[in-house]
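Undergrad: task: produce atomic coordinates for the following.
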Amino acid sequence: MAELCRVDSTLTTLDEERLWDMLESHRCKIVQSICPSRLTPYLRQAKVLGQLDEEEVLHSPRFTNSAMRVGHLLDLLKARGKNGAVAFLESLKFHNPDVYTLVTGLQPDIDFSTFSGLMETSKLTECLAGAISSLQEELAQEKAQKEVLLRRCQQLKEHLGSAEARAEGLRQLEADHSRMKREVSAHFHEVLKLKDEMLSLSMHYSNALREKELAATRCHSLQEELYLVKQELQRASLVSSCERESRERSLRMASDLEPEGEELNRLKEENEKLRSMTFSLVEKDILEQSLDEARESKQELVNRIHSLRERAAAAERQQKQYWEEKEQTLLQFRKTQVDCELYREKMTTLQGQVAELQKERDQAYTARDRAQMEISQRLVEKDALRRRVFELTEQVCELRTQLRRLQAEPSGGPKQESGARELCLRGKQRLVRMHAMCPPDDSDCSLLSSTESRLWWDLMSTSSREQMDSFRSSSPMPPSQQSLYKRVAEDFLEDPDSLSFPEVLEVCRLSGATGDDTDTDLEYEMLDGTDLYQSEDSLQESSRSPNASERLCLSARSSVPVRRRPARKILSQVTVLAFQGDALLEQIGVIGGNLTGIFIHRVTPGSAADEMALRPGTQIMMVDYKPTEPSLRATLENTTLEQAVGLLRRVNGSCYLSVKINTEGYKNLIQDLDAKVVTSGDSFYIRVNLAMQRKGGGELHAHCNDVLHVTDTMFQGRSCWHAHHVNPYTMKDLEPGTIPNYSQAQQQLLALIQDMTQRRTAPRKPSGGPQKLVRIVSVDKASISPGPLSSSFDQGQLASGRGEGGSRACLWAESCFTLAPYTLVHPHRPARPRPVLLVPRAVGKILSKKLCLLQGFKQCPAEYLSQEEYTTWNQRGDIIQEGEAIGDHHWVTRHAVESLMNTGTHALLDVRLDSVRTLHRMDIFPIIIHVSVNEKTAKKLRKGLQRLGTSEDQFLEAARQEEGDLDRVPCLYSSLASDSWSDPDSLLSCVRLAIADEQKKVVWTEQSPC
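TA: Next comes the predicted model:
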């Protein structure tokens, strides 16, 4: 061994507690400042850090940043005691002198005489050379980054020049825009002036028109006055003429006497003239009255014209305001358009940069894949070289055997044979991992010959050279079985996609020294952790003994070499693990559900599950536990969290777990849980078969036949489910709350039925009255399939029974049937018009003719089929039901229903309710309309029942029977209350509205027959 260096008195004189107090007081600064990959080579050479520890610090997925890795490194070194602290402080001298000064208060002096004796001088020189080479590589990387930054700066300068040019163009455009804006403003003011002039001219014109109207009115009044004056003049002339004539007549009478007849006629004429004069006075009064009315109407017209002119002025002002708003809107639109162009250019630039980053990312991924491929190739080459070394070792052993045989020929036969057998057995060594970090001294190999010592020296030098190439190998000897399994497990955790088909490692149990090397009939079993630890401990004890190499050679005499069967490949990356699962739920914690799968979320350190490399993110596919009676064998792929916990709680001993790595699914589930999007991985829909009242805070109130969305079967660790009401049209979750789990709901259902039985002393209430309380659904326990609604106990029993012989015998002594409080349902969204089934059938027959008269409805006919056609169609599953109305050989077929659906028509079906399951198997989901009837409603349908030849009592009895059959229908139905219609016409309209509403809803169908 090389000469050790002198120890620094300043650090070595301090005790361990003092050194670590110094480091812990500056722990925050240390974890933020140093890089663990620079310190680990020195610490590994100083023998305070193992190779596996270095790999865990640098590459463990538990540590997501450098600070966590440095913290874990300090924890490992603290376990090494004082040597760990001294070696860590010495490594800070090389790579972080400022941190060294901060911790110790001393200036870092890189002198060999100041280092402790934890490592040899030659290794220290090698470590320094490695550190210098790493610094040179970092310097080269920094230069390359500097060049890249310079090129990037040049590109940014070019972009800046182009941006300045665009800015100059934008400034020019802005100047043109302001000039055009000023011109538009000037033109706008001119238009306003013209409008004002036009308004003044219109006012002058209106004044002129008003004056013209006044003049015309005045002229009219003057004409009327002239007319009156003329009338007075005529009257005066008549009066004067009459007076003159009367004077002349009196003179003539005086002169001569005229006959009395002529005088009488003249008096009559005068009387007529006086009457005419009197009529003219009446006419004058009428004309005056009409004149007053005309003046009043004229004043009204003037007032109306004045109001219209005011409204016209207000309209012009409003038009002016709208015009200004339009101008402002146009300006804002142009400004927004310019901003949009700018943003579009920015988005184009950003997209180009993103494309460049994507190219760089793809190049980095390609380089990483290339590097991984090169690493794998080098590992393969290294394994080939190892095999070659062992072949050469066997050849050397054979040559040594031949040499000793030649040397021992004079001594005799038995001794020669025993020596040859010993050498042959010595050549077949067990595949174990040697301790290359602590090579044996010269005294340990005192029994070896010079040739053997030279061979071991060559092998150890080869291991020291390979140690820098592969962190997983520390000696030229092949790894042990446990190391191979851990390597496969670590490969799964680091890169699940790198292994297409994981291997299941199996070893044979050692039966003693009687085994023969040529025996091929070996019994293989699954990998067991206890056997591995026993073999590994024995190998380590033998390697630490003074005659380690001799014991390794002699160990082949007393035991059969461990063999490995060719790996069994399982699809979908599923691995089968066998280990001691005592109280399995105490070793692991699980999360998930039927939607995401069951994942391991917690592993107890030091447990058997931890030793088998089970980690968070591993998905459990199947569990097999045979010590129980009956044995437990169940698949956990589609089970809920409640069922999975119940199954795993039963495991308490040696078991088999089928697992696979599903890191992406586990990360998505954890993200959803952290974001409180979900509370578990469960998600399924159920149909409630009993009415549940809200008893406490947070509980959900549900009616019978409600559809609920269950999102957590172990809500807050309690034995209750978290569920939501579902929107019947969009399937969106509505009101949340908790409901009893399956077993508790079953107990509530039984209690509710007993309560109803005890209270059934009153006469039967008519249907359509109160809300329905229960729906009787019986399930055969022997034929139940594993699913979200099957209990854990039932599922385990069922799986074991099927695995042994497929027996369907009932596991319960009392009864093979049980009542189901919940039924699993699935949604469907049919695009075509759904067929219609009316219950009771008599109501359907009464309304079918009237519905056929409406658009979109047509009676589904029954087709005639011969015996051969019926056999063929029945084998294909296209027969729905026999057409009872027509007779034999007439059947309602799938073709007839789908032909009407393809034409956009609702097919009216006259079939029994048990045909609904047949329609569901054909992906045809009928609309079931239940019309509640009683004695009162039967009287309303009396005429239709008489046409069918059915009495009211027969109709009510058939309706009650069909109402009972509705509980066995595997889908929801719409019910019309008896008081919602008054006559057949109103019933027809209600049925039509119900059909239209049901066509918009989501169809919920049960998974399996009740």
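
Undergrad: for the longest helix seen in the chain, name the packing helices and strands.
TA: The single longest helix within the chain, with elements called by DSSP state H, is helix 260-407. Counting contacts by 3 or more C-beta pairs under 8 Å, 6 or more residues apart in numbering; DSSP states H and E, helix 260-407 packs against helix 121-255, helix 413-427, helix 450-466. For every residue, glycine as well, the C-beta is placed using N, CA and C.

Undergrad: so which of these comes closest to residue 855?
TA: Nearest to residue 855 among the helices and strands packed on helix 260-407 is helix 121-255 (59.5 Å), distances taken as C-beta to C-beta.

Undergrad: next, the angle from that closest one to helix 260-407.
TA: 170 degrees (axes from the mean of the first three to the mean of the last three C-alpha atoms, to 10 degrees).

Undergrad: what helices or strands is helix 121-255 leaning on?
TA: Helix 121-255 is packed against helix 36-45, helix 82-95, helix 260-407, with contacts defined by 3+ C-beta pairs under 8 Å, 6+ apart.

Undergrad: buried sites along the first one?
TA: When you say that, I think you mean helix 36-45. 36, 38, 39, 40, 41, 42, 43, 44, 45 (16 or more other C-beta atoms under 10 Å).

Undergrad: nearest to residue 1005 among these?
TA: Minimum distance to residue 1005 across those is 58.9 Å, recorded for residue 36 (C-beta to C-beta).

Undergrad: wait, what's in contact with residue 913?
TA: Applying C-beta atoms under 8 Å, 6 or more residues apart in numbering to residue 913 gives the contacts 837, 839, 928, 962, 965, 966, 968, 969.

Undergrad: close enough to count as contact, the third one and residue 974?
TA: Yes: using C-beta atoms under 8 Å, residue 928 makes contact with residue 974 at a distance of 7.1 Å.

Undergrad: these two: which is more packed in?
TA: The residue with more neighbours, out of residue 928 and residue 974, is residue 928; 22 against 16, by other C-beta atoms under 10 Å.

Undergrad: okay, now residue 387: neighbour count?
TA: 11.

Undergrad: cool, residue 991 as well?
TA: Look at residue 991: counted by other C-beta under 10 Å, it has 22 neighbours.

Undergrad: quick check: closest non-adjacent residue to it.
TA: residue 929 (5.8 Å; C-beta to C-beta, 6 or more residues apart in numbering).

Undergrad: between the helices and strands packed on helix 260-407, which one is closest to residue 898.
TA: Nearest to residue 898 among these is helix 121-255 (64.0 Å), distances taken as C-beta to C-beta.

Undergrad: just the angle between that closest one and helix 36-45, please?
TA: If you take the same axes, to 10 degrees, helix 121-255 sits at 160 degrees to helix 36-45.

Undergrad: specify the angle between helix 121-255 and helix 82-95 in degrees.
TA: For helix 121-255 against helix 82-95, the angle by the same axes, to 10 degrees is 70 degrees.

Undergrad: average pLDDT for helix 121-255, rounded please.
TA: Helix 121-255 comes out with an average pLDDT of 84.

Undergrad: would it be right to say that the residue nearest to residue 991 lies in a strand?
TA: Yes: the assignment for residue 929 (DSSP: H, G, I helix; E, B strand; the rest coil) places it in a strand.

Undergrad: pull the contacting residues for it.
TA: Residues near residue 929 by C-beta under 8 Å, 6+ apart: 836, 837, 838, 839, 973, 974, 976, 991, 994, 995, 998.

Undergrad: let's see it at 7 Å
TA: Residues near residue 929 by C-beta atoms under 7 Å, 6 or more residues apart in numbering: 836, 838, 839, 974, 976, 991, 994, 995.

Undergrad: wait, which of those residues is closest to residue 375?
TA: Of all the contacts of residue 929, residue 375 sits closest to residue 974, with 66.3 Å by C-beta to C-beta.

Undergrad: what's the closest non-adjacent residue to that closest one?
TA: That would be residue 994: by C-beta to C-beta, 6+ apart, it lies 4.9 Å from residue 974.

Undergrad: counting by contacts, list what the helix or strand hosting that neighbour packs against.
TA: For residue 994, the host element (DSSP states H and E) is helix 984-1000. Helix 984-1000 sits against helix 841-852, strand 927-931, strand 974-976, with contacts defined as 3 or more C-beta pairs under 7 Å, 6 or more residues apart in numbering; DSSP states H and E.

Undergrad: same for the helix or strand just after it, what does it pack against?
TA: The C-terminal neighbour of helix 984-1000 among helices and strands, as given by DSSP H and E, is strand 1003-1006. Here strand 1003-1006 touches strand 684-688, strand 822-828, going by 3+ C-beta pairs under 7 Å, 6+ apart.

Undergrad: starting from the first one, tell me which strands it pairs with and how they run.
TA: Strands flanking strand 684-688 in the sheet, each with its direction: strand 707-712 (antiparallel), strand 822-828 (antiparallel) (DSSP bridges).

Undergrad: export only the CA atoms of stretch 83-98, formatted as CSV.
TA: The C-alpha coordinates for stretch 83-98 follow below in CSV (Å, rounded to 0.1, in the frame of the first residue of the first chain):
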residue,chain,number,x,y,z
ASN,A,83,-14.2,10.6,8.3
GLY,A,84,-17.3,11.7,6.4
ALA,A,85,-17.1,15.2,7.7
VAL,A,86,-13.3,15.5,7.1
ALA,A,87,-13.6,14.1,3.5
PHE,A,88,-16.5,16.4,2.7
LEU,A,89,-14.5,19.5,3.9
GLU,A,90,-11.5,18.4,1.9
SER,A,91,-13.6,18.0,-1.3
LEU,A,92,-14.9,21.6,-0.7
LYS,A,93,-11.2,22.8,-1.1
PHE,A,94,-11.2,21.8,-4.7
HIS,A,95,-14.6,22.7,-6.0
ASN,A,96,-16.1,25.2,-3.5
PRO,A,97,-13.4,27.1,-1.6
ASP,A,98,-15.7,29.9,-0.6
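
Undergrad: need the pLDDT of the closest residue to residue 918 other than its chain neighbours.
TA: Residue nearest to residue 918 in three dimensions, not counting chain neighbours: residue 880, with 5.5 Å by C-beta to C-beta, 6+ apart. Note on residue 880: pLDDT of 84.

Undergrad: same check, this time on residue 545
TA: The confidence metric pLDDT takes the value 41 at residue 545.

Undergrad: what of residue 548?
TA: 41.

Undergrad: I'd say residue 603 and residue 609 touch.
TA: Yes: under the criterion of C-beta atoms under 7 Å, residue 603 makes contact with residue 609 at 5.4 Å.

Undergrad: these two: who's more crowded?
TA: Taking neighbours as other C-beta under 10 Å, residue 603 and residue 609 compare with residue 609 leading, 25 against 19.

Undergrad: thought that one was touching residue 589?
TA: No: assessed by C-beta under 7 Å, residue 609 is found out of contact with residue 589, at 10.3 Å.

Undergrad: identify, from the contacts of residue 929, the entry nearest to residue 662.
TA: Ranked by distance to residue 662 (C-beta to C-beta), the contacts of residue 929 are led by residue 974 at 42.7 Å.
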